[in-house]
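Visitor: how does the following fold in three dimensions:
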Amino acid sequence: MARGKPVVLPSRTFPNQLSASDHFKSMLKRYKPGDRVSDADAAELSGLFQRHPEYDERSGPGVDHFEVQSADYGSQCFRAVRVDGTWARFSYKKCVAPTRADDSDSPQ
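Guide: Have a look, this model is predicted:
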């Protein structure tokens, strides 16, 4: 049986961080840079994104949808496209295992 800290999202719960990480890694690999994430995947991704240590800053006025973009060293990442047309990229790994000095404040 898998051990570790569960990852609880609004849409589902993963038994541990490794299983959540594997799930979102697989999701990311289903898309090419420039692709818009499907509505079904976006529902899960939205819950995950809310765990990001800089969620308030990165979500801005609200998220319209998610896309995939190229990242460093030939990798790719998710990006949140805000309702005002701006965007912020984010790592699913930071969302699966967020590090916060104080859960009530997001780091600047």
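Visitor: apart from its neighbours in sequence, what residue is nearest K94?
Guide: Distance criterion C-beta to C-beta, 6 or more residues apart in numbering; nearest residue to K94, sequence neighbours excluded, is H52 at 5.8 Å. For every residue, glycine as well, the C-beta is placed using N, CA and C.
Visitor: same question for H23.
Guide: Of all residues not flanking H23 in the chain, F14 sits nearest, at 6.6 Å (C-beta to C-beta, 6+ apart).
Visitor: I figured that neighbour hits V7, correct?
Guide: Yes - the criterion here is C-beta atoms under 8 Å, and F14 meets it with V7 at 4.3 Å.
Visitor: and the two? Which one has more around it.
Guide: The neighbour comparison of F14 against V7 (other C-beta atoms under 10 Å) goes to V7, with 24 against 21.
Visitor: can you check which helix is longest in the protein?
Guide: helix 17-29 (DSSP state H).
Visitor: buried stuff in that one?
Guide: The neighbour-count check on helix 17-29 (16 or more other C-beta atoms under 10 Å) flags 17-18, 20-21, 23-24, 27-28 as buried.
Visitor: just the C-alpha atoms of it, please, in CSV.
Guide: The C-alpha trace of helix 17-29 is given here as CSV (Å, rounded to 0.1, in the frame of the first residue of the first chain):
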residue,chain,number,x,y,z
GLN,A,17,2.5,13.1,-3.3
LEU,A,18,4.1,10.5,-5.7
SER,A,19,0.8,9.4,-7.1
ALA,A,20,-0.4,13.0,-7.5
SER,A,21,2.9,13.9,-9.2
ASP,A,22,2.7,10.9,-11.5
HIS,A,23,-0.9,11.8,-12.5
PHE,A,24,-0.1,15.4,-13.4
LYS,A,25,3.1,14.5,-15.1
SER,A,26,1.1,12.1,-17.3
MET,A,27,-1.5,14.8,-17.9
LEU,A,28,1.3,17.3,-19.0
LYS,A,29,2.8,14.8,-21.4
